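Chemist: Got a predicted model here, sequence first, then my questions.
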Amino acid sequence: MFLSGLITLSAITVDKPTGFLGALATGAEDFIKVFNKGGSVLLSLMGGILPTLIVLLTAVNALVRIIGAERIENLGKAAARPGIQWYPVRYILLPFVAVFVLTNPMAYTMGRFLPERFKPAFYDSAVSFVHPILGIFPHANPGELFVYLGIATGIKELGFGLGDLAIRYLLVGLVVIFIRGIVTERITARMMAKAERSA
Amino acid sequence: MEGFTNLIVKIGRGVGGVVGTLYQAGRDSVDTVIRNVIPFMAFISFIIGLILTTGVGDWIAKGLKGSASSLPGLLLISIVCAIPILSPLLGPGAVIAQIVGTLLGVEIGKGNIPAQYSLPALFAINPQVGCDFIPVGLALGEAEPETVEIGVPAVLFSRVITGPLSVVIAYFASFGLYHTSK
């Protein structure tokens, strides 16, 4: 009643209310303006993104169920091997597949196939990928969609396509998780050696 | 006749299995959307409404414009987010990253921040990702308590290096992104 009254009042052009009551009325209009704007933003978000997201989530969920999460275990075992050629497997391929198939937070369970000294680095690498993947595969972490979507909404507002940003975010993300994995592995190795010496 | 019936039963089971899987997948995705996505959308919509209709927007724009539209400014944001004491506090649910991301998105949409800065900004607001979750994440990977003890500071220190580094990489990767030929 109150809300609908306000809306119809503002639709008819009358003199702007003055005095104490006028100030109250202006305040009331400004107050409801915030939520009207918020509501229209919510509607555009739900109308624009949600339908696609639900369909995509369903398709990927079904795909993962049909493939079966246990099949990626072999990849985890391969990533545990020492040697420089296994670095990209451990800190690019395994995090990507784990985050894609198992999603956040179950992706980190893939760490159980790795020796202890690689576990912190793998966690660092995998957790750093749960946002760069969102631009193209939002099913991996739908609860934290707005890390990407917040900025992407601004780009959309300008009328630009999102594909360029999404693909670059993903690719740079892969480079970053690779570096992060190597750096964290080195730091872990140094700290473990130190702890062993003092023990 | 027996074989034929068996075949029918087998096909029926197969189709039922596929439909069941798809139906369950749909149920899961709708569940996720209702429990995780829509509540955050409601919250973000309120914040955007507040920014766009009140003077808060101009105030934030002034603060962000200087820091978010230059490489040194973005580096400063990433260094602050990567401080080992702050990063676990900023991490939970990625709420801070999501709010700052939304604020930046509004400013990009208004043209206050150049569009090509969207890529480095995505990394600048997020060096703290997962820093609150290290012990749980390692436990999910069945790590020993000794590994957790070393792993937590190792990841936190690593972020001090790789956080700003990721911004620099993203900055160079953003050349040619949303380039206007005017």
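Modeler: Arrived safely. Numbers count the residues shown, from 1 in each chain, chains lettered A, B, ... in the order given.

Chemist: Would you mind listing the buried residues in stretch A:192-199?
Modeler: Of the residues in stretch A:192-199, those with enough neighbours to count as buried (16 or more other Cβ atoms under 10 Å in any protein chain shown) are A:M192. Glycine gets a C-beta too; all of them are placed from N, C-alpha and C.

Chemist: which secondary element of chain A has the worst mean pLDDT?
Modeler: When the helices and strands of chain A are compared on mean pLDDT, DSSP states H and E, helix A:2-11 comes out lowest with a mean of 54.

Chemist: Burial check on B:P135, number of neighbours?
Modeler: The local packing count at B:P135 equals 15, with neighbours defined by other Cβ atoms under 10 Å in any protein chain shown.

Chemist: Which SSE is immediately downstream of the helix or strand harbouring it?
Modeler: In the assignment (DSSP states H and E), B:P135 maps to helix B:134-140. Sequence order places helix B:145-173 as the next helix or strand after helix B:134-140, per DSSP H and E.

Chemist: And the average pLDDT for that following helix is what?
Modeler: Confidence for helix B:145-173, expressed as mean pLDDT, is 88.

Chemist: Ok, stretch B:40-50 next?
Modeler: Per-region confidence: stretch B:40-50 scores 83 on mean pLDDT.

Chemist: how about the helix holding B:P135, does it reach chain A?
Modeler: Yes: judged by Cβ under 8 Å from any Cβ of the partner chain, helix B:134-140 comes into contact with chain A at B:I134, B:V136, B:G137, B:L138, B:L140.

Chemist: Identify the residue nearest the second one in space, chain neighbours excluded?
Modeler: It refers to B:V136. Excluding its sequence neighbours, the residue lying closest to B:V136 (Cβ to Cβ, 6 or more residues apart in numbering or on different chains) is A:P105, at 7.5 Å.

Chemist: One more: the first one?
Modeler: Leaving aside its sequence neighbours, B:I134 sits nearest to B:V152 (Cβ to Cβ, 6+ apart; 4.8 Å).

Chemist: Tell me which helix or strand A:F160 sits in.
Modeler: With secondary structure defined by DSSP H and E, A:F160 is part of neither a helix nor a strand.

Chemist: I figured it hits B:Y178, correct?
Modeler: Yes: counting by Cβ atoms under 8 Å, B:Y178 is a contact partner of A:F160 at 5.4 Å.

Chemist: Find residues that contact each of the two.
Modeler: For the pair A:F160 and B:Y178, residues contacting each of them under the criterion Cβ atoms under 8 Å, 6 or more residues apart in numbering or on different chains are B:A115.

Chemist: Let me see the contact set for the closest residue to chain A within chain B.
Modeler: Here chain B gets closest to chain A at one residue, B:G141, 2.3 Å apart by Cβ to the nearest Cβ. With contact set as Cβ under 8 Å, 6+ apart, B:G141 has these partners: A:Y108, A:T109, A:M110, A:G111, A:R112, A:L114, A:K119, A:F122, A:Y123.

Chemist: Then A:A98?
Modeler: Neighbouring residues of A:A98 by Cβ under 8 Å, 6+ apart: A:I72, A:G76, A:A107, A:Y108, A:M110, A:A126.

Chemist: which SS state does it fall under?
Modeler: helix (DSSP: H, G, I helix; E, B strand; the rest coil).

Chemist: quick one: low-confidence ranges for chain A?
Modeler: Counting by pLDDT under 70, the low-confidence segments of chain A come to A:1-12, A:14, A:69, A:199.

Chemist: Which single one of the contacts of B:G141 is nearest to chain B?
Modeler: Using Cβ to the nearest Cβ, the shortest approach to chain B within these belongs to A:G111, at 2.3 Å.

Chemist: check contacts around the closest one.
Modeler: A:G111 neighbours (Cβ under 8 Å, 6+ apart): A:F118, A:K119, A:F122, A:Y123, A:A126, B:G137, B:L138, B:L140, B:G141, B:E142, B:A143.

Chemist: Tally up the residues packed near A:Y123, please.
Modeler: Under the neighbour criterion other Cβ under 10 Å, A:Y123 is assigned a count of 33.

Chemist: can you list contacts of the helix or strand harbouring it?
Modeler: When elements are assigned from DSSP H and E, A:Y123 belongs to helix A:119-127. By Cβ under 8 Å, 6+ apart, the surrounding residues in contact with helix A:119-127 are A:79, A:90-91, A:94-95, A:98-99, A:104, A:107-108, A:110-111, A:114, A:177-178, A:180-182, A:184-185, A:188, B:129-130, B:133-134, B:137-138, B:141, B:143, B:147, B:150-152, B:154-155, B:158-159.

Chemist: about what we covered before: emit the ChimeraX select command for whichever of the contacts of B:G141 are buried.
Modeler: Listed next is the ChimeraX selection for buried residues among these, using 16+ other Cβ under 10 Å:
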select /A:108,109,110,111,114,119,122,123
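
Chemist: so what's B:A124 up against?
Modeler: Taking Cβ under 8 Å, 6+ apart as the definition, contacts of B:A124 comprise B:A68, B:L74, B:L75, B:I77, B:S78, B:C81, B:V167, B:A170.

Chemist: and the fifth one, how many neighbours does it have?
Modeler: When neighbours are counted by other Cβ under 10 Å, B:S78 registers 27.

Chemist: contacting residues for it?
Modeler: Applying Cβ under 8 Å, 6+ apart, the residues contacting B:S78 are B:F123, B:A124, B:I125, B:P127, B:G163, B:P164, B:S166, B:V167.
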